[in-house]
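Engineer: A structural model of the following input is requested.
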Amino acid sequence: MRHISVLIILMLAGCAAHHTHAQKSDDTVITAIPVAGSVYMLESQGSGNIGVSAGEDGILIVDDKFEPLAGQIKNALRDLNPGTLKFVINTHWHNDHTGANAVFGRDATIIAHENVRKRLSTRQEIKLFNTVVEPHPKDALPVITFDNAVSIHFNGEEIKAVHFAHGHTDGDSVIFFTKSNVVHMGDHFFNGIYPFIDLDSGGNVQGMIDNVKQLIAIIPPGAKIIPGHGPLADIDDLKRFHDMLVQCADIVQQSIRDGKTLEEVKAAGLPASIEEQWGGGFLSTEKWLEIVYASYARQ
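Structural biologist: Numbers count the residues shown, from 1 in each chain. Below you'll find the model as predicted:
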């Protein structure tokens, strides 16, 4: 995950690079990783992690990567369980998590926070990457939306989607598999790399920090954590991620108080201990600092 191509920046927003990815989709390897209970994680380089509940009731997935990967995803799900895909939960609207909605939404029920439907159904702009995303087709839109939380009783457990506002975007949900003791964080957790926080979609660095702190306090002991990006994790990994967010926020806020410009902040960079552990992903240190600076400069 630490060597993702910079193309993921464009794929993340669902623009022209989406077609480049489609040409390479046959080479993409999707790996199914047992997590706990009836829950699995599907991972592949360059797109968000899928959570899977596979059992006697059929299949439920959390997020669905890019549309060109739908065939590989179907094959991976078939290997796990021959049952029917009944539900898709979107953790947020970005295309590396909702790109295959149009395929799976023809047969399965898509569920998401109400802001996900609003953003998927309207033109979106991500200024950081100079990207515009056009409205998605009807089959790609969630048909069940919620405000604060919703529960799906499926495969012998309550699967609970809880909205955490103004972190990564304004429509993010964290998914709790309550019996299996698994939490899918969506893009509130990038394990081992700098996170993308979408300020144009209602995201906020301080909101991300506050939300992750709240989640650390409520995630049950021993839980397995599926990040939006990066390897399967546990609570200690999430705590390290939170510590990094806090350190970066403190550095940038002090620089703003000292009257430093964005260019000066980017030139100064971050401590080597942070860059060595969290650099190397699809966001450079400079881009990450640009997000943090813009988030606090707006306040």
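
Engineer: Could you list the buried residues of stretch 195-214?
Structural biologist: Buried residues in stretch 195-214, counted by 16 or more other Cβ atoms under 10 Å: 195-199, 201-212. For the C-beta atoms, the positions are set from N, CA and C on the backbone; glycine is no exception.

Engineer: Would you state the strands of the protein in chain order?
Structural biologist: 31-36, 39-43, 50-55, 58-62, 85-89, 109-113, 124-126, 131-133, 144-146, 149-154, 157-163, 173-177, 182-190, 224-229 (DSSP state E).

Engineer: Which other helices and strands does the fourth one contact?
Structural biologist: The elements that strand 58-62 packs onto, with contact taken as 3 or more Cβ pairs under 8 Å, 6 or more residues apart in numbering; DSSP states H and E, are strand 50-55, helix 70-80, strand 85-89, strand 149-154.

Engineer: cutoff 7 Å now
Structural biologist: Contact partners of strand 58-62 among helices and strands, from 3 or more Cβ pairs under 7 Å, 6 or more residues apart in numbering; DSSP states H and E: strand 50-55, strand 85-89.

Engineer: quick one: which of those is nearest residue 234?
Structural biologist: Among the helices and strands packed on strand 58-62, strand 50-55 comes nearest to residue 234, with 15.4 Å by Cβ to Cβ.

Engineer: who touches stretch 226-238?
Structural biologist: 1, 33, 35, 41, 48-49, 51, 91, 182, 184-187, 189-193, 212, 216, 219, 223-225 (Cβ atoms under 7 Å, 6 or more residues apart in numbering).

Engineer: And that stretch, what's buried?
Structural biologist: 226-230, 232-233, 235, 237-238.

Engineer: any idea of the mean pLDDT in that stretch?
Structural biologist: Per-region confidence: stretch 226-238 scores 98 on mean pLDDT.

Engineer: what about it, distance to the chain center?
Structural biologist: Centroid separation between stretch 226-238 and its chain, computed with Cα atoms, centre = their mean, to the nearest Å, is 11 Å.

Engineer: cool, stretch 223-232 as well?
Structural biologist: The answer for stretch 223-232 is 10 Å, by Cα atoms, centre = their mean.
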